[in-house]
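1. Let's see this in three dimensions:
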Amino acid sequence: MSYISVAGISKTFKVAKRNSGLRSALKSFFKREYVTIDAVKDVSFQIEKGEIVGYIGPNGAGKSTTIKMLSGILLPTAGNIKVNGLDPFKDRSKYVSKIGVVFGQRSQLAWDIPAEDTFDLLKDIYKLDSVEYFKTKQELIELLDIKDVINKPVRSLSLGQRMRCEIAASLLHRPSILFLDEPTIGLDAASKKVIRDFILKINKERKVTVILTTHDMQDIASLAKRIILIGKGQILYDGSLAKLKSRYGSFKNIVVETKQTIKEVKMKGVISKKKIDGGYNFIIDSNLLSVSKFVSHITSRYAVDDIDIENEQIDNVILKLYQYYEI
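-> Model (predicted):
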């Protein structure tokens, strides 16, 4: 049996219908009409212990709803979830000691006191052994580089500093599963790297299972070998990132530096040509036209100073996947 097993879960919300106009507003005051919204529809997947899985999709796709069901905050309308034999909602008191949750836009740290004070409070909440707690706390402080900030009021910290403290707080009880919802949102490049390196380290050394939801595709590219794409509440793709790149990442960005004017290139597979400073930017589909054939064509006809070839960015690969599924 898989470490995390999600079988046919759905979540339906009942929402009050709101029509414009004074008459409609008065009518709804006495008799309210409701509509049902299917946030998640018949979602199934399995995750093994120690996996890092990117759970992605556009806004409103059902990502956060799924994470809330996996973490035991919401009860599925239908279907069931088992995590190492436990039901996240029904076995919540036992289950919460096994998981860590970080919501990038919500904080578990008290705003007006230092983060370390919240750490100490969490020690009591989780009933942690003092020696183990101190050891884990010192390890997290060092790995996340927060020694100089944990004794400052949380409100005085930068977003990057706060997020590192948030992650430390979620791991003090040494959970075996970590749910990360937009953990690097709004962070600078240096803070993102610290967090990504840390996640990889605890995954490798402690076999912590990580489920990551994010709009930052560089997080996915840096951390996850497998992605699950959800759209309109349903699973649309579940597979390796490498396979996804192979299938949808065939576009190549080729910058040709030349002082000459390059005329229209009539070759099947040339998607676009754009004049830039010092030359031209081409995008080709390598499934239709090999890079070597294209380069040979250009260099045999023009005096080329330099050529730079880039694979398509992961953001564009994911965007094409969204377009393919019309979400």
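2. can you give me the strands for the stretch 1-150 of the chain?
-> For the stretch 1-150 of the chain, strands defined by DSSP state E, counting those that start in this stretch occupy the ranges 4-16, 34-47, 52-56, 78-83, 99-103.
3. The stretch 151-300 of the chain: strands as residue ranges?
-> 177-181, 209-213, 226-231, 234-240, 251-258, 270-276, 279-285.
4. thinking again about what came up before, save the strands of the stretch 1-150 of the chain as TSV, and put in mean neighbour count too.
-> In short, each C-beta sits where N, CA and C put it, glycine included. TSV is the format used below for those (neighbours: other Cβ atoms under 10 Å):
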stretch	mean neighbour count
strand 4-16	16
strand 34-47	16
strand 52-56	24
strand 78-83	18
strand 99-103	22
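5. Tabulate those (JSON lines), appending mean pLDDT and distance to Leu200.
-> Shown next, in JSON lines, are these (pLDDT from 0 to 100; distance: least, Cβ to Cβ, whole Å):
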{"stretch": "strand 4-16", "mean pLDDT": "91", "distance to Leu200": "20"}
{"stretch": "strand 34-47", "mean pLDDT": "91", "distance to Leu200": "17"}
{"stretch": "strand 52-56", "mean pLDDT": "95", "distance to Leu200": "8"}
{"stretch": "strand 78-83", "mean pLDDT": "96", "distance to Leu200": "22"}
{"stretch": "strand 99-103", "mean pLDDT": "92", "distance to Leu200": "16"}
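6. Please identify which of those is closest to Ser130.
-> With Cβ to Cβ, the closest approach to Ser130 among the strands of the stretch 1-150 of the chain belongs to strand 99-103: 20.1 Å.
7. Please name every helix or strand in contact with that closest one.
-> With contacts taken as 3 or more Cβ pairs under 8 Å, 6 or more residues apart in numbering; DSSP states H and E, strand 99-103 sits against helix 159-171, strand 177-181.
8. Parallel or antiparallel, list what pairs with it.
-> Counting by DSSP bridges, the strands paired with strand 99-103 are strand 177-181 (parallel).
9. what angle do the partner strand and strand 34-47 make?
-> Orientation of strand 177-181 against strand 34-47 (axes from the mean of the first three to the mean of the last three Cα atoms, to 10 degrees) gives an angle of 130 degrees.
10. The nearest residue to Leu321 once chain neighbours are set aside: neighbouring residues, count only.
-> Among residues not flanking Leu321 along the chain, Tyr248 sits closest, at 5.6 Å (Cβ to Cβ, 6 or more residues apart in numbering). The number of residues packed near Tyr248 is 18, by other Cβ atoms under 10 Å.
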